[in-house]
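A.B. asks: what would the 3D arrangement of this be:
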Amino acid sequence: MRKKLIYIIPSLGVGGAELALLSAIPELNRRFDFRVICLSSFSLNFLGGLSEEECSNILTFKRFPFNYFRALCYSLKFNPDIIITSLWKAAPLGVIAKLFMSKIKYIEFIHSSIYFHFFDKIFTKLAIKCSDVVFCDSVSAKTFVEKENFFKPIEVISFLRFHSPKQWHPKSHISLKALFLGRFHEQKRIDRLVLLVKKLKDSGLYFQVDLYGRDDGVMGFAKNLIKENNLESNIFLKGEVTSDKVQCLFTNYDFYFQTSDVEGMAMSVVEAMQHGLICVVTNVGEIRNYAKNGINAIVIRDDFDFSITVNQLINIANDIDLANKISRNAHLTFVDNKDFANSLIENLIKCV
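C.D. replies: Predicted coordinates for the structure are as follows:
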């Protein structure tokens, strides 16, 4: 008989935790009696690529605080063998479910190496304390949990939605087209990205940068900043893209820009590197463990002196061999890594 598994997540959107889960649903559905509990509404278009049966196992409970009560009632009735909570808003449900069903295996999934605010700190620490096992999406997240001295078993789960493409294709010319894929949230520091594009333009590099993602509070600010810096012909806001369409985007670009203050594994950066894009990134989260400046990526200095980054990009734009070296090294970085679905299931089986 298949084990019963509930995976609780606050929302389904373009974030790394959400995209990783969606990529694993078909295999989780095959191996477990599986349900996803989502605590807010989302666009059904985001489920592109999933079968009707797989979609039917995604349950949505809306309207705080009733969504928590209804989700808890459903969980108790379903009586799972395993509950996974991902992100702090899901943590209270895992904690309460563990109190009611002490025999379940409770797993808290950590996706960051910092606490974002007071409530994140309170509920994440409580979830870790009550959990049987902690899953982390990166080594940096594992180190963060270990520093808290919870003394819990910790497993690092590969956060790759798919295997790297088998073939790397050398570039015959450099296209100054860059991509950003993520949430329009203050932590993503879109203002810093706009400043970088302006400095590149001032130096004679006229990049086209396409920004994909949902508005998490700073979309209006980003539009105004683009207009103030006369970058309407350089930076374009493209809106959200469904999970099954993301892979198709990478082939249209040679560069990826990520100027965040905070990241965990930074799934979009990983996927861009898998496809051989030259990633221009800040030295945060797990990025510092896999992005090597001038080797497989361009890493912005911690003091954000963009003049050095601009000079590096000028050299790359004028040296096809250098561009291909970085692109190929980026592609090779994750070529031997497992994908998220198989890594997750392997560790779930080990845990139970």
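A.B. asks: how about the contacts made by the residue positioned nearest the centre of the chain?
C.D. replies: Centroid-nearest residue in the chain: residue 16, 2.1 Å away (criterion: C-alpha atoms, centre = their mean). By C-beta atoms under 8 Å, 6 or more residues apart in numbering, residue 16 lies in contact with 111, 137, 159, 264, 265, 266, 267, 268. In short, each C-beta sits where N, CA and C put it, glycine included.
A.B. asks: now do the helices in the protein.
C.D. replies: Using DSSP state H, the helices found in the chain span residues 16-31, 52-56, 66-78, 91-100, 118-130, 139-147, 190-202, 219-228, 246-250, 267-274, 287-290, 306-317, 320-333, 340-351.
A.B. asks: between these, which one is nearest to residue 257?
C.D. replies: Nearest to residue 257 among the helices of the chain is helix 190-202 (5.5 Å), distances taken as C-beta to C-beta.
A.B. asks: now that closest one and helix 219-228, what's the angle there?
C.D. replies: Computed with axes from the mean of the first three to the mean of the last three C-alpha atoms, to 10 degrees, the direction of helix 190-202 lies at 20 degrees from that of helix 219-228.
A.B. asks: residues contacting residue 178?
C.D. replies: By C-beta under 8 Å, 6+ apart, the residues touching residue 178 are 207, 208, 209, 210, 253, 254, 255, 256, 257, 280.
A.B. asks: quick one: which of the residues you listed has the most company?
C.D. replies: residue 257 (30 neighbours; other C-beta atoms under 10 Å).
A.B. asks: roughly how far does that one sit from residue 263?
C.D. replies: 13 Å (C-beta to C-beta, to the nearest Å).
A.B. asks: can you check residue 159 too?
C.D. replies: 11 Å.
A.B. asks: circling back to that earlier point, now the contacts of residue 16 as CSV including distance to residue 69 and pLDDT?
C.D. replies: Shown next, in CSV, are the contacts of residue 16 (distance: C-beta to C-beta, whole Å; pLDDT from 0 to 100):
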residue, distance to residue 69, pLDDT
111, 25, 92
137, 29, 92
159, 32, 90
264, 30, 84
265, 32, 90
266, 35, 91
267, 32, 91
268, 34, 93
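A.B. asks: most neighbours of all the residues you listed, which one?
C.D. replies: Result: residue 265 is most packed of the contacts of residue 16 (other C-beta under 10 Å), 30 neighbours.
A.B. asks: and residue 132, how many neighbours?
C.D. replies: Residue 132: 16 neighbours (other C-beta under 10 Å).
A.B. asks: same thing with residue 55?
C.D. replies: 12.
A.B. asks: residue 235 and residue 86: what is the separation?
C.D. replies: 31 Å.
A.B. asks: same thing with residue 137?
C.D. replies: According to C-beta to C-beta, residue 137 and residue 86 sit 9 Å apart.
A.B. asks: between the two, which contacts overlap?
C.D. replies: Applying C-beta under 8 Å, 6+ apart, one finds that residue 137 and residue 86 are jointly contacted by 17, 109, 111.
A.B. asks: of those, closest to residue 248?
C.D. replies: residue 17 (21.6 Å).
A.B. asks: wait, residue 212 sits on residue 181?
C.D. replies: Yes - counting by C-beta atoms under 8 Å, residue 212 does reach residue 181; the two are 4.8 Å apart.
A.B. asks: what is in contact with these two at once?
C.D. replies: 14, 241, 249.
A.B. asks: where does the first one land on pLDDT?
C.D. replies: So the one you mean is residue 14. Looking at residue 14, its pLDDT reads 71.
A.B. asks: that one and residue 239 touch, don't they?
C.D. replies: No - with contact defined as C-beta under 8 Å, residue 14 does not reach residue 239; the gap is 10.2 Å.
A.B. asks: compare these two (neighbour count), which wins?
C.D. replies: More crowded of residue 14 and residue 239, by other C-beta under 10 Å: residue 14, with 22 against 10.
A.B. asks: residues contacting that one?
C.D. replies: 181, 182, 183, 212, 213, 214, 240, 241, 243.
A.B. asks: and residue 186, by the same measure?
C.D. replies: 217, 218.
A.B. asks: what about it, distance to residue 233?
C.D. replies: In terms of C-beta to C-beta, residue 186 sits 26 Å off from residue 233.
A.B. asks: tell me the domain ranges of the protein?
C.D. replies: 4-162+337-351, 177-333 (automatic domain parsing).
A.B. asks: closest to residue 171 out of those domains?
C.D. replies: Closest among the domains of the chain, using C-beta to C-beta: domain 177-333, at 5.7 Å.
A.B. asks: for the lowest-mean-pLDDT helix or strand in the chain, give me every contacting residue.
C.D. replies: Least confident helix or strand, the chain: helix 246-250 with a mean of 87, by mean pLDDT, DSSP states H and E. Helix 246-250 is contacted from outside by 19, 162, 179, 181, 212, 241, 271, 272, 275, 277, using C-beta under 8 Å, 6+ apart.
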